[in-house]
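Trainee: Sharing a model prediction with you, sequence too.
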Amino acid sequence: MTEGVIMLMRILLPIFLFGIVYFFGRPIWWGAPYAPSDEGKIRRMVTLARIQKGEKALDIGSGDGRVVIELAKAGAHAFGYEVNPVLWAVSSFRIRRSGLQNVARIYRKNFWRADFSPFDVVTIFGVTYIMPELEKKLLRELQPGARVVSNYFSFPTWKPDVIARGVYVYQKK
C-alpha cells in the first residue's frame with residue numbers, strides 16, 4: 001500500500017467507527033438496543049392489541065418500523081418513536097413504500113421525554129433494565145382502558161391480562 005492510502009485509512013477508520021458507535025451504541029444508554037422482532041411475534045402482538053379502527057397506537061423504540069406498519073394495516077393511526085437516525089430513516093422509507101404515510105409516522109424522538117396520554121395502545125420490545133421505570137411512566141401517563149403489548153419482557157409489578165407465547169398484554173385500569 002502506498003503511504004497516501006495508509007494515511008487515508010488512518011483518517012477514515014476512526015470516523016467510520018465513531019459513526020457506528022454514535023448511531024447504534026448511543027441508544028443503549030437511553031433505552032433498548034435495536035433487536036428486530038420476528039414476523040410471527042409482530043402478528044401476535046397486533047392481534048392481541050385488539051386494534052379498533054381509528055385508535056392511536058404507539059410503538060416505542062420502533063426500530064425498522066415493521067410494528068408501526070402492521071398497527072396501521074390493522075386500522076390504527078400508528079406512530080413510532082425512534083432515536084436512531086438510521087433506523088428512523090429506514091422506517092420512514094418503509095412506511096412511504098407501503099403507502100401508509102397518511103396513517104403511520106415515525107418520529108425521531110426519545111420516548112422517555114414523550115407524553116403517552118394520547119395513545120390507546122402502546123407496544124414495546126424493551127429489555128429488563130428499562131421495564132421498572134417504563135412501567136411507572138406508562139401507569140402515570142396512560143388513560144384508563146389503554147392497552148400495552150410487550151414483546152418478551154414483562155413489567156415487574158403490573159400484572160398482565162393476557163400472556164400468549166412471549167407476548168404480555170396489560171390494560172390500564
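Mentor: Sure thing, it's come through.

Trainee: ok, the residue nearest to Pro132 when sequence neighbours are not counted to Lys136 distance?
Mentor: Using Cβ to Cβ, 6 or more residues apart in numbering and skipping the chain neighbours, the partner closest in space to Pro132 is Pro156 (5.1 Å). (Glycine included, C-beta is placed from N, CA and C.) Separation of Pro156 from Lys136 (Cβ to Cβ, to the nearest Å): 10 Å.

Trainee: Neighbour count: these two, which is higher?
Mentor: Lys136 (14 against 10; other Cβ atoms under 10 Å).

Trainee: and Leu58, backbone torsions?
Mentor: phi -130, psi 130 (degrees, to the nearest 10).

Trainee: just checking, it touches Val122?
Mentor: Yes - counting by Cβ atoms under 8 Å, Leu58 touches Val122, with 5.0 Å between them.

Trainee: which residues do the two both contact?
Mentor: Common neighbours of Leu58 and Val122 are listed as Phe116 (criterion: Cβ atoms under 8 Å, 6 or more residues apart in numbering).

Trainee: follow-up on the earlier one: just to be sure, the residue nearest to Pro132 is in a strand?
Mentor: No - Pro156 is assigned coil when assessed by DSSP: H, G, I helix; E, B strand; the rest coil, not a strand.

Trainee: who's in contact with it?
Mentor: Neighbours of Pro156 in contact, by Cβ under 8 Å, 6+ apart: Met131, Pro132, Glu135.

Trainee: just the buried members of those residues?
Mentor: Using 16 or more other Cβ atoms under 10 Å as the burial test, these include Met131, Glu135 as buried.

Trainee: Distance to Ile51, pLDDT and secondary structure added to the contacts of Pro156, as JSON lines?
Mentor: Shown next, in JSON lines, are the contacts of Pro156 (distance: Cβ to Cβ, whole Å; pLDDT from 0 to 100; DSSP: H, G, I helix; E, B strand; the rest coil):
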{"residue": "Met131", "distance to Ile51": "23", "pLDDT": "96", "secondary structure": "helix"}
{"residue": "Pro132", "distance to Ile51": "27", "pLDDT": "97", "secondary structure": "helix"}
{"residue": "Glu135", "distance to Ile51": "22", "pLDDT": "98", "secondary structure": "helix"}
